[in-house]
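Student: the following comprises the amino acid sequence and a computationally predicted model.
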Amino acid sequence: MVTASATLSALALAAAIGAVISFVFRTKVDSREPPIFHPKIPFIGHIVGMLKEGPLYLARVSANCNAPIFTLPMLGGRTYICKSPQIAQLVQRASSTLDFDQLIIQVTPRMVGSSKETRQKLLDPTAKEEGRKRISELGHDVIHPPLGVHRISGIVALQLEHFTEFVNKIQDGQENALFKFATREITAASMHTFYGPQNPFSNNPELIEAFWDWEAGIVPYMVDVLPSIFARKAYYGLEKCVQGFSEYLEKGYIKDAYCILRDRQRIHEEAGISVPEQARLEVALSFGFNGNAGITSFWVLQNIFARPDLLSQIRDEIRENALVAPDTISFTKLRDACPLINSVYRETMRLIAPMPSARYVLEDTLLGGEYLLRKDAVVQIGGSIIHHDASIWGPDVEEFNPRRFLYSSSGSKTNADGSVTDKNQVHSAAFRSFGGGASLCPGRHFAQMEIVSLASVMAYGFDMLPPKGQSEVAWNPQRNEKQFPFAAIKPVREVHVKLQRRKGMEDVKWMVKP
Ligand code: HEM
């Protein structure tokens, strides 16, 4: 009896202490801040949720909230999650106080293990008061303009030459793991295009695998607890790439790189960043060139080849509108006269690239005169929520609808039967794959060119058949939705195929031209 009542008292005491702790440590919010969702475990509950469930966690919390933006308290601070395109647009417009760079400067060095000294040079806390631009701002000035749609013809031609050589080397009957096939070719081609013929990956092709080893383990690597043990593959992959880039920089091969890289290296040099530390920053930028584009290329190929009717319609579209000679496909024609393949490309990204654009709140900001965002908080545009909102996209929001972007690059809301018309255009800020506002991905034109071109020449010139021992190709792997929302979503497994030139095209030497 005594034991039972002692146990009850202990439990009551523990519950009371828990309630007091959670009350005392609850993040205090201003009544004008977006509605707050307290986690069950104070401080870390939302972080644990996101690590365990990935973007699905945000969708679950969001389902309980009617407001277009809400607050998640974390580690004594707060993150605002915005779930409507209208609010996303307001966030994008407030770029003077909601800053992209501040977060990138914190995240990038962690991705590649930069030294404290480099981190400090990048943060450059006195730059503003001393009237200087930070390294990231100088980088922005040299990277964005040369990636504009009218200035990329030279790098487009280089990338397409690489693809041409690659597809013409394909052996009939060659078996491939499709994810590896697409990601490795995008990596080899874009490293060649951006860093020149002596790029570290062409001098040492095993660095391509090292790069993807690092990419696969970036999140555990960034946790930064003995990464050589707990994120072993990522750690050694990164170190190999750093070594390759160090040699490349020391030998001066960067003289043959695209201007954005030469100019950026000059900025790093002038800031006194050492060569091995510059090499780390080059690995980080390579992630921008290769990561998302490689993963997206896989999904576009899989989404087309898994649907025989769609494959046939795309072949018709290419033949009628983009085939400028029996052996030549033109990217300009693909871009301007092939709405279906471009719609497939964007619909693929809606499902696998719901990017969480994040901004650091530099000063208290009243969004749309209504929602107060407090200084030093983070605001995230919940791509994973917006891309799956049926009120925006229509009742088939969870399905792949190849026609969703046929009439508008923003997409159209589908009708009850899944049909798409030129009406009901979706809000322009609802498509989150390339972010938006001042930091809208500058590589988006290049990305469209490479992904659509590679998919088109494969679709037009080749069949994908079951590999030996399989009666059919195991298409449609699940998306790894639990993946931490860092880059485009990967498949949970590979898709194995046998490549074969199409009947009647066995001897064609393909050419993809700008
Ligand atoms: C499917 C492929 C790609 C996707 C999904 C993608 C997505 C993104 C996103 C979401 C951002 C952040 C924007 C924001 O939060 O507002 C970004 C930034 C950036 N992307 Fe891309 N990207 C892709 C391909 C590329 C390519 C091919 C390049 C280079 C040629 C590139 C270069 C960059 C750069 C330099 C930034 C930083 C912009 C800044 O600091 O202002 N991206 N990208």
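Tutor: Okay, I see it.

Student: burial count for G435?
Tutor: 19 (other Cβ atoms under 10 Å). Every residue, glycine included, has its C-beta placed from N, CA and C.

Student: for the stretch 251-400 of the chain, which segments count as strands?
Tutor: 323-325, 328-330, 358-361, 365-367, 371-373, 378-381 (DSSP state E, counting those that start in this stretch).

Student: ignore the last one, the chain
Tutor: With DSSP state E as the criterion, the chain has strands at 69-74, 77-82, 98-99, 174-177, 323-325, 328-330, 358-361, 365-367, 371-373, 378-381, 462-465, 496-501, 511-513.

Student: before we move on, the earlier item: so which of the strands of the stretch 251-400 of the chain is nearest the ligand?
Tutor: Across these, the ligand has its closest neighbour in strand 358-361 (6.9 Å, Cβ to the nearest ligand atom).

Student: now the lengthiest helix in the chain against strand 496-501, angle please.
Tutor: Across the chain, the longest stretch assigned as helix under DSSP state H is helix 275-305. Helix 275-305 runs at 80 degrees relative to strand 496-501, counting by axes from the mean of the first three to the mean of the last three Cα atoms, to 10 degrees.

Student: anything in helix 275-305 near the ligand?
Tutor: Yes - Helix 275-305 comes into contact with the ligand (Cβ under 6 Å from any ligand atom), by way of G288, F289, N292, A293, T296.

Student: F484: which of these is nearest?
Tutor: Ranked by distance to F484 (Cβ to Cβ), these are led by N292 at 14.5 Å.

Student: any idea how many residues pack against that closest one?
Tutor: 23.

Student: these two touch, right, it and I352?
Tutor: No - judged on Cβ atoms under 8 Å, N292 makes no contact with I352 at a distance of 9.3 Å.

Student: tell me which parts of the chain are close to the ligand?
Tutor: With Cβ under 6 Å from any ligand atom as the criterion, the chain meets the ligand at residues 100, 140, 143, 147, 288-289, 292-293, 296, 353, 355, 357, 433-436, 439-443, 446-447, 488.

Student: contact partners for I267?
Tutor: Contacts of I267 were listed using Cβ atoms under 8 Å, 6 or more residues apart in numbering, and they are I135, L138, G139, V142.

Student: filter those down to the buried ones, ChimeraX style.
Tutor: Buried members of the contacts of I267, defined by 16 or more other Cβ atoms under 10 Å, are picked up in ChimeraX with:
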select :135,138,139,142
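
Student: ok, of the contacts of I267, which one's closest to the ligand?
Tutor: G139 (7.3 Å).

Student: possible to save the strands of the stretch 251-400 of the chain as JSON lines with mean pLDDT?
Tutor: Formatted as JSON lines, the strands of the stretch 251-400 of the chain follow (pLDDT from 0 to 100):
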{"stretch": "strand 323-325", "mean pLDDT": "98"}
{"stretch": "strand 328-330", "mean pLDDT": "98"}
{"stretch": "strand 358-361", "mean pLDDT": "95"}
{"stretch": "strand 365-367", "mean pLDDT": "96"}
{"stretch": "strand 371-373", "mean pLDDT": "97"}
{"stretch": "strand 378-381", "mean pLDDT": "96"}
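
Student: pipe those into TSV and attach mean neighbour count per row.
Tutor: TSV is the format used below for those (neighbours: other Cβ atoms under 10 Å):
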stretch	mean neighbour count
strand 323-325	13
strand 328-330	21
strand 358-361	22
strand 365-367	18
strand 371-373	22
strand 378-381	24
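
Student: which among these is found nearest to E33?
Tutor: Shortest distance between E33 and the strands of the stretch 251-400 of the chain, using Cβ to Cβ, is found for strand 371-373: 5.1 Å.

Student: count the neighbours of G461 for me.
Tutor: Other residues near G461 come to 21 when the count uses other Cβ under 10 Å.

Student: and the residue lying closest to it once chain neighbours are set aside, what pLDDT?
Tutor: Spatial nearest neighbour of G461, chain neighbours left out: W510 (5.4 Å); criterion: Cβ to Cβ, 6 or more residues apart in numbering. Per-residue pLDDT puts W510 at 97.

Student: buried by neighbour count: which residues of stretch 104-116 qualify?
Tutor: Neighbour-count burial for stretch 104-116 flags I104, I105, T108, P109, M111, V112, G113, S114 (criterion: 16+ other Cβ under 10 Å).

Student: and stretch 272-281, by the same measure?
Tutor: Neighbour counts over stretch 272-281 (16+ other Cβ under 10 Å) mark I273, E277, Q278, A279, R280, L281 as buried.

Student: now stretch 417-425
Tutor: For stretch 417-425, using 16+ other Cβ under 10 Å, the buried residues are V420.

Student: pull the contacting residues for A474.
Tutor: Contacts of A474 (Cβ under 8 Å, 6+ apart): V495, H496.

Student: that one and P491, how far apart?
Tutor: Here A474 is placed at a distance of 11 Å from P491 (Cβ to Cβ, to the nearest Å).

Student: residues contacting A358?
Tutor: Taking Cβ under 8 Å, 6+ apart, we find A358 in contact with F100, L103, V378, V379, Q380, I381.

Student: out of the buried residues of stretch 104-116, who's nearest the ligand?
Tutor: Nearest to the ligand, judged by Cβ to the nearest ligand atom, of the buried residues of stretch 104-116 is I104 at 6.0 Å.
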